[in-house]
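> just need the structure, nothing else, for what follows:
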Amino acid sequence: MSEEDQEKTAFYTDQGVYCYTTMPFGLKNTGATYQRLINRLFKDQIGRNVEAYVDDILVKSLTTSTFLSDVREVFGVLRDSRMKLNPKKCVFGVTSGKFLRYLVSHRGIEANPDKVKAIQDMSPPRNLREVHRLNGRLAALNRFLSQSAEKALPFFKLYLYLSAADEAVSAVLIRDEGTQVPVYYVSRALRGPETRYTQVEKLVLGLVHAARRLKPYFLAHPISVRTDQPIRQILVRPEASGRLTKWAVELGEYDLSYEPRTAIKAQAIADFLAELTFTEGRESTSAIAEVSTPHLWMLYVDGSSNGDGSGAGLLLEGPQGEVCSYALRFDFPATNNEAEYEVLIAGLQLARRLGAQRIHVRTDSELVVCQVLGEYETKDEIIQRYLSKVHQLTAYFESFEIQKIPRSQNRRADALSRLASTSFSDLNKTVLVEVLSEPGYMEEVACSVNSGDTWMSPFILFLRQGILPEDRAEARKIQRKAARYALREGELYKRSYLGPWLRCVTPEEGRQVLHEVHEDLCGAHVSHRMLAKKTLLLGYFWPSVRQDAQNLVLGCPSCQVHAPEHHQPSNFMIIISDNGRQFAENPFRTWCENLGIKQHFTSTRLHRAASSWVEELPSVLWSYWTTPRSSTQETPFSLTYGAEAVITAEILTPNPRLAAYVAEVNGEERQLDLDLVDERRDVASARVASYKNTLTRYYNALVKHRRFLPGDLVLRKNSVS
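Got it, this is the predicted structure:
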């Protein structure tokens with residue numbers, strides 16, 4: 001220690017007063033000072049063959065042959081600095097050792113077994129008090145554990161089996177520990193209209209009842225529902241029934257996943273409960289609900305090519321036994337393999353349009369089967385395009401399987417593919433024939449550019465494939481909101497409170513729609529709230545529609561210049577007059593000068609636009625006709641013609657109304673609108689009367705009511721005398 005600091009460490013003894021000449025360990029900065037000394041002494045060795053922390057020094061060597069030279073180098077530094085070691089605390093020539101309470105070896109850094117022995121020997125909790133104690137310990141160690149939330153998840157995932165009979169529903173909550181162990185049984189008797197629910201609605205009712213009865217389990221654990229019914233598809237598209245919508249919203253707060261039931265196992269318990277759940281006044285249920293077979297579609301395809309041309313045939317069998325025969329003719333040259341791929345693509349597209357979720361494909365082409373399954377390598381560029389299109393279509397199905405079968409088992413599809421030369425003895429119904437003018441992979445080559453993930457991507461993935469984000473909170477939010485969304489022909493729509501379904505668009509497309517509505521041919525330069533409302537009434541939605549409308553209005557040059565300012569002026573108000581002689585000449589000018597009044601005249605350049613209002617009038621009138629009025633809640637155009645006008649924004653970005661347009665029935669629909677327009681006008685008249693009454697009450701509330709008695713003096717205008 002420096003001499004001026006030695007007195008600061010003085011202490012009394014019975015022999016006198018003493019002080020330290022070297023730094024003792026009792027000072028606060030002793031450790032940091034000693035660490036700086038160690039870093040300076042071993043600056044050329046730390047990280048190479050030495051690791052040091054304060055007074056703990058570790059000499060490391062990669063091989064045994066270099067160990068002695070490394071130790072000799074360290075001892076040389078210690079000797080030069082006159083630093084001494086305690087032999088009782090030194091260990092030499094070991095392959096592993098303890099350093100800073102960790103075990104260091106050739107395997108790396110590991111936890112010290114002596115330090116974690118208490119955790120390893122800890123007994124599992126046996127009661128509620130011990131569970132609370134374990135949670136407290138986990139909370140204390142939370143900041144020292146990576147991904148502690150995943151490590152603290154339940155050891156066994158919970159599964160729920162559902163069953164429905166004619167007059168009862170039941171559910172069994174189990175956990176899988178190698179063998180399925182039941183946790184809780186729930187059942188309920190159906191009463192009145194509930195007995196007339198469909199099979200799927202009964203299963204959803206059983207799920208809702210189980211969630212209500214077992215709410216602590218549903219809130220604390222992720223639960224997988226095993227069923228052979230399409231419950232997930234029903235809940236994500238519940239527009240067919242109001243009660244399904246209500247149940248979907250209620251179940252949205254839980255972390256539920258759905259998977260197909262692979263074996264009976266605990267399903268037998270659920271069926272048994274449904275069978276033995278009695279209604280009031282009856283001894284037993286009438287029947288047990290049958291376990292529905294999976295909604296499996298079978299697709300038989302075959303293609304052929306000969307000197308007369310090329311064609312293909314497909315046979316699609318539904319889960320209820322319905323059969324669809326379909327034949328294709330190709331107006332372009334195609335080989336046998338290309339014809340096989342063409343009919344496979346057409347069959348998958350047809351199955352997708354019919355709503356199939358699980359499909360099995362049967363074909364007699366071994367090459368196509370092996371290429372689709374990835375067993376054969378594809379070298380031809382055209383076949384690669386076909387294969388890419390097939391993989392793109394199979395992604396829309398929950399399950400897809402393709403299998404080679406003998407030609408003898410594929411006679412009907414083979415007959416369809418050879419319509420030009422077959423006797424049709426294998427065909428038993430009218431066959432639809434479609435002529436294709438271009439290959440099926442051309443659609444993929446001319447596909448639109450993918451803009452990447454948007455705000456719609458999580459909803460589309462969940463509604464189409466049941467995939468949720470990894471973040472648990474985000475996944476629950478998507479599940480809760482998905483009840484108001486639906487997929488129709490690949491497009492995402494949202495249920496609206498104002499009117500019909502709203503087509504979901506990206507913010508870039510939405511801003512283009514706002515620009516068309518606000519500034520284009522039908523632009524009215526309305527306020528941001530009215531602009532957002534008009535956009536929603538047109539059938540478009542994106543999350544930031546209100547903010548984007550506000551930003552557009554605030555950045556619109558015309559709105560900034562011509563919009564009225566609703567605030568108190570910062571300066572004294574001035575009087576503006578035109579350039580008439582009565583204001584610009586004496587005696588009025590002299591009178592203003594004597595009173596100190598500065599005259600302001602209107603600009604004369606406005607006269608150049610005096611005749612151009614005729615050119616602007618059509619766009620102003622069109623904007624007025626297509627904007628809803630507050631008094632009628634209708635547009636003037638709809639009250640005149642019985643239907644809303646089609647504006648430019650709807651043509652650039654088609655909405656549901658324009659997508660549903662059918663030219664053949666449009667004339668009849670327009671005549672129907674004209675027949676119903678009188679009713680719409682009567683309703684608008686009633687709204688106008690109600691609106692006037694509202695305004696009357698508002699203005700009358702601001703008027704102070706005064707009563708006059710005979711003999712009171714009042715002021716009376718001369719104009720009414």
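
> for the stretch 151-300 of the chain, which segments count as helices?
Assigned by DSSP state H, counting those that start in this stretch, the helices in the stretch 151-300 of the chain fall at 199-213, 215-220, 231-236, 242-251, 267-275.

> can you tell me which of the ones you listed is nearest to residue 67?
Closest approach to residue 67 among the helices of the stretch 151-300 of the chain is made by helix 215-220 (54.9 Å; Cβ to Cβ). C-beta: built from backbone N, CA, C; applies to glycine.

> least trustworthy helix or strand in the protein by mean pLDDT?
When the helices and strands of the chain are compared on mean pLDDT, DSSP states H and E, helix 442-445 comes out lowest with a mean of 50.

> quick one: name whatever helix or strand follows that one.
Per DSSP states H and E, helix 442-445 leads on to helix 457-465 as the next helix or strand towards the C-terminus.

> what's the following helix or strand after that following helix?
Read in the C-terminal direction, the helix or strand following helix 457-465 is helix 472-481, with elements assigned using DSSP H and E.

> show me what that following helix is packed against.
Under the contact criterion of 3 or more Cβ pairs under 8 Å, 6 or more residues apart in numbering; DSSP states H and E, helix 472-481 touches helix 457-465.

> ok, now which ones touch the spatially most central residue of the chain?
In the chain, the residue lying closest to the centroid (Cα atoms, centre = their mean) is residue 458, at 2.8 Å. Taking Cβ atoms under 8 Å, 6 or more residues apart in numbering as the definition of contact, the neighbours of residue 458 are 468-469, 474, 478.

> just the residues you listed now: which is nearest residue 137?
In terms of Cβ to Cβ, no member of these lies closer to residue 137 than residue 474, at 28.9 Å.

> ok, residue 331 to residue 310 distance?
9 Å (Cβ to Cβ, to the nearest Å).

> more neighbours, the two?
In this comparison of residue 331 against residue 310, neighbours counted by other Cβ atoms under 10 Å, the higher total goes to residue 310 at 24 against 11.

> phi, psi for that one please.
phi -140, psi 150 (degrees, to the nearest 10).

> just the pLDDT at it, thanks.
Here the pLDDT value assigned to residue 310 is 76.

> distance check, it against residue 335.
From residue 310 to residue 335 the distance is 8 Å (Cβ to Cβ).

> of all the helices of the stretch 151-300 of the chain, which one is nearest residue 119?
Ranking the helices of the stretch 151-300 of the chain by distance to residue 119, with Cβ to Cβ as the measure, places helix 215-220 first at 23.8 Å.

> what comes up buried for that closest one?
Under the neighbour-count criterion of 16 or more other Cβ atoms under 10 Å, helix 215-220 has 217-218 buried.

> average pLDDT across that helix?
86.

> contacting residues around that helix?
Under the contact criterion Cβ under 8 Å, 6+ apart, helix 215-220 has outside partners 158, 173, 183-184, 210-211, 223, 253-254, 256.

> of these - the most surrounded one?
With neighbours taken as other Cβ under 10 Å, the top of the contacts of helix 215-220 is residue 210, carrying 27 neighbours.

> residue 218 versus the closest residue to that residue other than its chain neighbours, what's the distance?
Ranked by Cβ to Cβ, 6 or more residues apart in numbering and with sequence neighbours excluded, the top spatial neighbour of residue 210 is residue 171, at 3.9 Å. Per Cβ to Cβ, residue 171 is found 11 Å from residue 218.

> shared neighbours, the two?
Counting by Cβ under 8 Å, 6+ apart, the residues touching both residue 171 and residue 218 are residue 210.

> look at residue 332 and tell me its secondary structure.
Following DSSP: H, G, I helix; E, B strand; the rest coil, residue 332 is assigned to coil.

> one step back: out of the helices of the stretch 151-300 of the chain, which comes closest to residue 497?
Closest to residue 497 of those is helix 242-251 (Cβ to Cβ; 13.3 Å).

> what about the nearest residue to residue 131 once chain neighbours are set aside, how many residues nearby?
Here the nearest residue to residue 131 in space, its sequence neighbours aside, is residue 125; by Cβ to Cβ, 6+ apart that works out to 4.6 Å. As a burial measure, residue 125 scores 13 neighbours (other Cβ under 10 Å).
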